[in-house]
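In: I would like the atomic coordinates for the input below:
(chains A and B)
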Amino acid sequence: MTGSSTRTILICSGKGGVGKTTLTANLGIALASQGVRTAVLDADFGLRNLDLLLGLENRIVYTAQEVLAGNCRLEQAMVKHKLQPNLALLPAGNPRMLEWLKPEDMQQIVGLIQPHFDVVLIDAPAGIEDGFKNAAAAADEAIVVTTPEVSAVRDADRVIGLLNTREVEPIQLVLNRVRPKMMQSQEMLGVTDVTDILALPLLGLVFEDEQVIVSTNRGEPLTLNGSSSPAAIAYRNVAKRLQGEEVPLPDPTKQRRGLRAKMRQLMQTKLF
Amino acid sequence: MTLREMIDRLLGRQQASATTAKHRLQLVLAHDRSDLNPDLMEQMRREILEVVNRYVELDLEGGDVSLETEERATALVANLPIRRVRDDVLPQVPAVQ
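Out: Residues are numbered from 1 along each chain as shown, chains lettered A, B, ... in the order given. Below you'll find the predicted structure:
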């Protein structure tokens, strides 16, 4: 939709609580530490949290609202991360913005950001109503986040349908909060179950990881300080794949190499 | 079918919940994607049968019109067993102006 070389990527899911904001924060930091000038834009004006996950909540002076109203310059509103200066956040404004914000406003904000960055990540709100449509208006491509649960997959499907009508391309999938043990015992939708149903290329596979909660408590994304926890590695790999690097995806069914794991493997052998 | 599904079936056990989840999703998504409500589906089914029935005699009991979805494309699939071709149907000759 935009002619510049900056990639503007919408991060969306339909369902709430599947990990959109966590992915935006971690992917933003991971891209920035790989040398990509990255802006993250909190488009969840009703329930903003991106500032909190990035640990930037105390440094907000102006927001997207003041930028749009012409009360400040973009540079005054963008909050640069102290430990990762390649990353800057444009905070969401007051929830009352929802009453008047239009898709053109989002396009205007993104148009202002683009000249200064290589990648703009837009953290979309949950749902498929106006808030989502505003966020999507400025995006060229999209990452759909889902978990291997029926409600999350169904909602993701609705969102993908909407993105298809808007010519957002490519749309890629991040499967979040995967529990390898449950997948091995076939008590959780498998990776190919989800990719078959949604028919999207898989950009990342993130295992359920308690360290995500610890890092959000501290406001320090896992990708910030070289953590080697499974989720941190997964988020860094999403960043690499996004830049065209080929990184193999982990196989949740081959996580534990014991007799029990081998038995589980046997039980999943396709007979016909 | 996987080995696990096979054993579950032989023992009369419930199938693994992931399999149930996948089947339920496929059904619900076919309808979500088509955005047709059940009343409209039923009306369309009746009209399709009516039209086809004009040309061939159908086994109305065995017939089935449903939505199926694969690779994000939704298709209307009609399975209409034909008893016999009607021999009393004349091709309509288009009127010559």
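
In: what's the neighbour count on the residue in chain B positioned nearest to chain A?
Out: Among residues of chain B, the one nearest chain A by C-beta to the nearest C-beta turns out to be B:Ala16. It sits 3.6 Å away. C-beta coordinates here come from the backbone N, C-alpha and C atoms, glycine included. Residue neighbour count, defined by other C-beta atoms under 10 Å in any protein chain shown, stands at 19 for B:Ala16.

In: pLDDT weak spots in chain B?
Out: Within chain B, the segments meeting pLDDT under 70 span B:1, B:36, B:69-72, B:93-97.

In: tell me where it has strands.
Out: Listed in chain order, the strands of chain B (DSSP state E) span B:56-58, B:64-70, B:73-79, B:82-85.

In: identify all contacting residues around the last one.
Out: Strand B:82-85 has contacts (C-beta atoms under 8 Å, 6 or more residues apart in numbering or on different chains) with B:55-59.

In: please repeat the previous calculation with a cut-off of 10 Å.
Out: For strand B:82-85, the external contacting residues (C-beta atoms under 10 Å, 6 or more residues apart in numbering or on different chains) are B:52, B:55-60, B:62-63.

In: which member of these is positioned nearest B:Met6?
Out: Closest approach between these and B:Met6, by C-beta to C-beta: B:Gly62, at 29.0 Å.

In: doesn't B:Leu49 make contact with the closest one?
Out: No. With contact defined as C-beta atoms under 10 Å, B:Gly62 does not reach B:Leu49; the gap is 11.6 Å.

In: what do the two both touch?
Out: Counting by C-beta under 10 Å, 6+ apart, the residues touching both B:Gly62 and B:Leu49 are B:Leu80.

In: okay, these two: which has more neighbours?
Out: Neighbours around B:Gly62 and B:Leu49, counted as other C-beta under 10 Å, are more numerous at B:Leu49. The numbers are 16 against 10.

In: measure B:His31 to B:Ala75 for me?
Out: 13 Å (C-beta to C-beta, to the nearest Å).

In: more neighbours, the two?
Out: Applying other C-beta under 10 Å to B:His31 and B:Ala75 shows that B:His31 carries more neighbours, namely 16 against 12.

In: OK, contacts around the more buried one?
Out: B:His31 neighbours (C-beta under 10 Å, 6+ apart): B:37-38, B:41, B:66-67, B:69, B:74.

In: mind running it again at 8 Å?
Out: Under the criterion of C-beta under 8 Å, 6+ apart, the contact list for B:His31 reads B:Leu67.

In: returning to what we had before: I'd like the strands of chain B as JSON lines, with distance to A:Gln65 appended.
Out: JSON lines is the format used below for these (distance: least, C-beta to C-beta, whole Å):
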{"stretch": "strand B:56-58", "distance to A:Gln65": "63"}
{"stretch": "strand B:64-70", "distance to A:Gln65": "42"}
{"stretch": "strand B:73-79", "distance to A:Gln65": "41"}
{"stretch": "strand B:82-85", "distance to A:Gln65": "66"}
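
In: what's the closest of the ones you listed to A:Asn217?
Out: Here strand B:64-70 is closest among the strands of chain B (C-beta to C-beta), at 41.3 Å.

In: who does the closest one pair up with?
Out: On the basis of DSSP bridges, the sheet neighbours of strand B:64-70 come out as strand B:73-79 (antiparallel).

In: which parts of chain A sit against chain B?
Out: Taking C-beta under 8 Å from any C-beta of the partner chain, the part of chain A that reaches chain B is made up of A:149-150, A:153-154, A:157-158, A:160-161, A:164, A:183, A:185-190, A:193, A:197-199, A:266-272.

In: among those residues, which ones are buried?
Out: When neighbours are counted using 16 or more other C-beta atoms under 10 Å in any protein chain shown, the residues of chain A next to chain B contain these buried positions: A:149-150, A:153-154, A:157-158, A:160-161, A:183, A:185-186, A:188-190, A:193, A:197-198, A:267-268.

In: shared neighbours of B:His31 and B:Ala75, anything?
Out: Here B:His31 and B:Ala75 have B:Leu67 as joint contacts, going by C-beta under 8 Å, 6+ apart.
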